[in-house]
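>>> got a predicted structure plus its sequence, pasted below:
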Amino acid sequence: MALSPNDFPRRANDKLRYADTDRQGHVNNAHFATFLETGRVEVLYDPHDPLTGEGAEFVVAKMTVEFRGEVHWPGSVVIGTGIKAIGTSSVTVSQAVFQDDRCVATGETVIVQIDTGTRSSRPLPDRARTRLSELLLDAE
């Protein structure tokens, strides 16, 4: 079954720039990590209501990207974002990138909350678990 932006509880948009293109005339693959970041940040970072505990921050522990198609300038992409799993101190974010409703990439990122002083993992606060649970994707 083909993925759609509507398969994800959150969606973000990113404008493509001419500078994003490479010699083949399509958007360079390095920019796909930026697209995923755009979608993740809209879920994880709200300056008025942060998910992290006081004295904590999120770090990327692992990221995978599967390229499914080319992206061409001009235009924009839609990034679908949902939560695949919630661990003790980590959250697995599942995403897809779409151009003109065509899935051009999928990605998965493991984010870990760490203590800013010790730089060690730290359990997610209950309010973060509750908010992230609202974005859980259906089991595959």
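Arrived safely. Numbers count the residues shown, from 1 in each chain.
>>> enumerate every residue touching the most centrally placed residue in the chain.
Nearest to the mean C-alpha position of the chain, counting by Cα atoms, centre = their mean, stands Arg40 at 3.3 Å. Shown in contact with Arg40 (Cβ atoms under 8 Å, 6 or more residues apart in numbering): Thr81, Val93, Gln95, Thr109, Ile111. Bear in mind the C-beta positions are built from the backbone N, C-alpha and C, glycine included.
>>> that one sits in which helix or strand?
helix 31-44 (DSSP states H and E).
>>> ok, Ile111 next?
Ile111 is part of strand 102-115 when elements are defined by DSSP H and E.
>>> need the CA coordinates for that strand. PDB is fine.
The C-alpha coordinates for strand 102-115 follow below in PDB (Å, rounded to 0.1, in the frame of the first residue of the first chain):
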ATOM      1  CA  ARG A 102       4.400  10.900  -4.000                       C
ATOM      2  CA  CYS A 103       6.500   9.300  -1.200                       C
ATOM      3  CA  VAL A 104      10.100  10.100  -2.000                       C
ATOM      4  CA  ALA A 105      11.700   8.900   1.200                       C
ATOM      5  CA  THR A 106      11.000   7.300   4.600                       C
ATOM      6  CA  GLY A 107      13.000   7.700   7.700                       C
ATOM      7  CA  GLU A 108      13.300   6.600  11.300                       C
ATOM      8  CA  THR A 109      15.100   8.500  14.000                       C
ATOM      9  CA  VAL A 110      15.800   7.400  17.600                       C
ATOM     10  CA  ILE A 111      15.900  10.400  19.900                       C
ATOM     11  CA  VAL A 112      17.200  10.100  23.500                       C
ATOM     12  CA  GLN A 113      16.600  12.600  26.300                       C
ATOM     13  CA  ILE A 114      19.800  13.300  28.100                       C
ATOM     14  CA  ASP A 115      20.700  15.200  31.300                       C
END
